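Novice: next one to model:
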Amino acid sequence: MGHMANNPATYLVAHRGDRAGGVENTLAAFVHAARAGARFAECDIQFTCELIPVVLHDNTLGRLCDREDLCVGDTDLSALTVACSPRFELLTLKALLQWLRKQPQLTLFVEVKPDILHRLSPTVVADLLAEALPADQLQQLVVISESGPIIDACKTQLGCRTGWVSETAHQPESVIDYVFMPYSRTAEIEAWHARGVKVGLYTINSPDLASALLAQHADLVETDHFTHMSALLA
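Specialist: Below you'll find the model as predicted:
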């Protein structure tokens, strides 16, 4: 229970930002989390048809904009921006990283969604990320993905910290720094710790559950409601 003696910001991850600040994966959501004291945040990236990384979880705009007809990978940035505008301001990874420069206390987990593998090889994806992620910001970033091959390529080509989102059986072959998995899998924590890997669990919006998971030695807890959870846990 050593975690519980600390500021909740030392283990809470603002999952896609803080929903109290705005729609998930928007700058408003990340700003709100940072102002509330977050030290960790997670974002998702998809690639437009021009291969511009944008901060979106889904490869369609169905859930967020009621536009199932628009696939992110088949649409250019301009059209996506217009489609999102009635609901939220679409955020590019470039803009998020520019803002992050002014938040030295914040570590950002950048989750690369595996949809891009339908178009590009893991090596080419890593090349795109090498262009998108400034070398002088890598110490503030952790590249994560469900795709082991994407993680392996990023470890080789960027030399950055990496993490695996454990949704498939295909683990990265390279050494990883973090693993993220559903909170029901606490039985695996000890084995990952034995490998020197920190464990993050998702997605937890109950302070009682967060406390129970920390007692089982989870390192990080992802939450949609950072401000609310942080206040209750404190």
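Novice: and the pLDDT at the nearest residue to residue 80 once chain neighbours are set aside?
Specialist: Spatial nearest neighbour of residue 80, excluding adjacent residues (C-beta to C-beta, 6 or more residues apart in numbering): residue 90 at 5.8 Å. All C-beta spots, glycine's among them, are computed from the backbone N, C-alpha and C. Looking at residue 90, its pLDDT stands at 98.
Novice: same deal with residue 168?
Specialist: 82.
Novice: from residue 150, how far out is it?
Specialist: Note on residue 168: its distance to residue 150, by C-beta to C-beta, to the nearest Å, is 12 Å.
Novice: out of the two, which sits in the busier spot?
Specialist: Neighbour tally, residue 168 and residue 150, criterion other C-beta atoms under 10 Å: the higher count belongs to residue 150, 27 against 11.
Novice: pLDDT value on the more buried one, please?
Specialist: Looking at residue 150, its pLDDT is 98.
Novice: contacting residues for it?
Specialist: Shown in contact with residue 150 (C-beta atoms under 8 Å, 6 or more residues apart in numbering): 112, 114, 117, 122, 125-126.
Novice: let's go with 7 Å and repeat that
Specialist: Each residue near residue 150 by C-beta atoms under 7 Å, 6 or more residues apart in numbering is listed here: 112, 114, 122, 125.
Novice: residue nearest the centroid of the protein?
Specialist: residue 42 (2.9 Å; C-alpha atoms, centre = their mean).
Novice: give the bridge partners for it, please.
Specialist: residue 15, residue 109 (DSSP bridges).
Novice: parallel or antiparallel, which strands does the lowest-mean-pLDDT helix or strand in the chain pair with?
Specialist: None of the helices or strands of the chain scores lower by mean pLDDT, DSSP states H and E than strand 67-71, at a mean of 94. Strand 67-71 has these partner strands in its sheet, going by DSSP bridges: strand 60-61 (antiparallel).
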